[in-house]
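Colleague: need a 3D model of the sequence below.
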Amino acid sequence: MRRIVSVWLIDWPVTVWARSAGRTSPPDPALAPAVPLALIRKTARGAVIHALNPAARAAGLHRGQTQADALAMIPALTCRPADLEADRSALESLALWAERWSPAVSLSASDDGLDGICFDMTGAAHLFGGTAALPDRIGARLAEAGIAARVAVAPTTGAAWALARYGDPERRTLSVDDDSLRASLAGLPVEALRIGTDTTVEARRFGLKRIGDLYPMPRAGLARRFRDGDGVDLVRRLDQALGLSAEALVPVRAAPRYRVWEAHAEPLTETDGITARLPGLAADLVAALERDGQGARTLTLSGFRTDGTVSGLSVRMSRPDRDPVVWLRLFREKGLERIDPGFGIDALMLSADLTEPVTARQTEMTAQVADDRAAALAPLIDRLSARLGEGRVLRPEPVDSWIPERAERLRPALGHVTPLADSGDGRRRPVLMFDPPEPIEALAELPDGAPARFTWRRVSRRVKRADGPERLSPEWWRPRPDGRQVRTRDYYCVEDDGGHRYWLFREGLYGREYAGHDDERAPSWWMHGMFA
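Modeller: Numbers count the residues shown, from 1 in each chain. The predicted structure is shown next:
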């Protein structure tokens, strides 16, 4: 006889939000139980209520109601944005925690989203006091964690789901067996069969308000009464709830952890001993990664000492890799002597803390050279980061900005950095750029002529060739740090009589941003970079 446990997490989004808001300082005033709270999400209908706390629900609000209607009913309603990703992540963590009761724990959903977990306890209920005591035990454990829940045990997944959400509201736990299954479901509303809203409305229009109303009806006729396949779905859900049709559970699985051990009868007291055993650990870990098509981004070598403490060393890589030669070189660059053996190391563990899939990539022939260069640069980045420190090896990352000095920023090279791509519109940027730009004195024809001569760093230069202007409008929504007015820039690529090429710009426009008034600042010239 199967035993399926369904746990309905009442107000789960509010519970997740409250745990996050409680860590702020000072705490959010909406955490007070007497304050009506609604979590809002954006839909095609606009802002609607995703979840409510008990105070808001007692005031007459309901899920799916628009935020405007809710505020009209309760002007003092406190609204906060819903975070569906955080809700799902927290629910997956709870499912992994629930593996103490069953190795197969899956997420369960309703029309309002993920709001519960479900797991199979067949043949294992006696380990936790029996079927009758199991739901009380689960409910009490969740209550200790501050999670409001209702638990139901039934022979089928559909029945357990329905009883947990639509069973006796006065009871927090409920358990039924095969003999009482049909009777327990008969009085529940048809929406307890996990059918859509349209199917529920149509079933009620036919007078089918309770699950028991469906029992005497022939399956074929029931399926034909509804349009667009809703009747087939209704019959399928009914058969699943009654155990006439099978339903599989898809368990949540934690991300695989890759680690290998090696225990030693005689403790290791020297760094040379650690170095000698590291290749064997690396080979075993590579075999596990290759089996799953993964590559390591972060490796940690841990030494478990005889005094009960752990000494470790971690290295990171810019690309997923499973080459043991590369790993050993990085650990040597980082310094294996940093692992202090103390009075001896009883065991060594090598773990891949962060992994990514390693798949074959097919690139265009024109992109093959660039891809090969990036692959060849990765080992150098890894070695320099291991030797100098991750925060000292940087690479540029593009930023969404038209202003050149804001168009990129430096990030640690080992992080996930978006590569700088060619703009594709013919814009030229110098290899050497000054941040901030340096002021120059220029002689140019008004209003938009290129400079004929300019003085930079006390040296006068005559312009032989010039190209431009390239006009960049100011980002008015990003004020300057020094509070100065943000103005239009005209950029010029110029070459002096010595063959040196420069990137200059004039900040400000004659006639538009400057008319010669005393309270206005005249356009100025700046040196922004040099071409190789």
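Colleague: CA atoms for contacts and neighbours, from now on please.
Modeller: OK.
Colleague: stretch 1-21: which residues count as buried?
Modeller: 2-18, 21 (16 or more other Cα atoms under 10 Å).
Colleague: so which of those are in helices?
Modeller: Members of those lying in helices (criterion: DSSP state H): 12, 13, 14, 15, 16, 17, 18, 21.
Colleague: and which of those residues is nearest residue 118?
Modeller: Proximity of these to residue 118 (Cα to Cα) peaks at residue 12, which lies at 14.8 Å.
Colleague: excluding chain neighbours, what is closest to that closest one?
Modeller: Counting by Cα to Cα, 6 or more residues apart in numbering, residue 115 is the residue found nearest to residue 12 once chain neighbours are left out, at 6.1 Å.
Colleague: what does the pLDDT read for that neighbour?
Modeller: Confidence at residue 115, expressed as pLDDT, is 84.
Colleague: so which residues make contact with stretch 34-48?
Modeller: Residues outside stretch 34-48 that contact it (Cα atoms under 8 Å, 6 or more residues apart in numbering) are 13-14, 30, 49-57, 59, 63-68, 76-83.
Colleague: endpoint to endpoint, it covers what distance?
Modeller: The first and final residues of stretch 34-48 sit 22 Å from each other (Cα to Cα, to the nearest Å).
Colleague: going forward, count from 13.
Modeller: From this message on, residue numbering opens at 13, which makes the last subject stretch 46-60.
Colleague: now name the helix or strand holding residue 37.
Modeller: Taking DSSP states H and E as the definition, one finds residue 37 inside no helix or strand.
Colleague: for residue 499, see how far away it is.
Modeller: Taken as Cα to Cα, the span from residue 37 to residue 499 is 40 Å.
Colleague: which residues of the stretch 313-462 of the chain fall in strands?
Modeller: Ranges of strands within the stretch 313-462 of the chain are 322-333, 357-369, 406-410, 420-424, 444-456, based on DSSP state E, counting those that start in this stretch.
Colleague: so which of these is nearest residue 110?
Modeller: Using Cα to Cα, the nearest of the strands of the stretch 313-462 of the chain to residue 110 is strand 357-369, at 23.3 Å.
Colleague: how far off centre is the closest one?
Modeller: For strand 357-369, the separation from the chain centroid amounts to 24 Å (computed by Cα atoms, centre = their mean, to the nearest Å).
Colleague: in its sheet, what does that strand sit against?
Modeller: strand 270-280 (antiparallel), strand 306-317 (antiparallel) (DSSP bridges).
Colleague: mean neighbour count, the ones you listed: which tops it?
Modeller: strand 306-317 (a mean of 21; mean count of other Cα atoms under 10 Å).
Colleague: which outside residues touch it?
Modeller: Under Cα under 8 Å, 6+ apart, the answer for strand 306-317 is 301, 322-334, 351, 353-370.
Colleague: now with 7 Å?
Modeller: 301, 322-334, 353-354, 356-370 (Cα atoms under 7 Å, 6 or more residues apart in numbering).
Colleague: of all the strands paired with strand 357-369, which one comes closest to residue 229?
Modeller: Nearest to residue 229, of the strands paired with strand 357-369 and by Cα to Cα, is strand 306-317 at 53.3 Å.
Colleague: thought residue 99 was touching residue 28, still the case?
Modeller: Yes - at 6.4 Å, residue 28 and residue 99 qualify as touching, with contact defined as Cα atoms under 7 Å.
Colleague: and the contacts of strand 306-317, which of them are buried?
Modeller: 301, 322-334, 353-354, 356-367, 370.
Colleague: same question for the strand or helix carrying residue 177: list its buried residues.
Modeller: Per DSSP H and E: residue 177 is located in helix 169-178. Buried residues in helix 169-178, counted by 16+ other Cα under 10 Å: 169, 170, 171, 172, 173, 174, 175, 176, 177.
Colleague: next secondary structure element downstream of it?
Modeller: Toward the C-terminus, helix 169-178 is succeeded by strand 185-187 as the next helix or strand (DSSP H and E).
Colleague: now that next one: buried residues?
Modeller: 185, 186, 187.
Colleague: chain center to it: distance?
Modeller: The chain centre lies 36 Å from the centre of strand 185-187; the measure is Cα atoms, centre = their mean.
Colleague: what's it in contact with?
Modeller: Contacts for strand 185-187 (Cα under 7 Å, 6+ apart): 144, 147, 148, 162, 163, 164, 165, 166.
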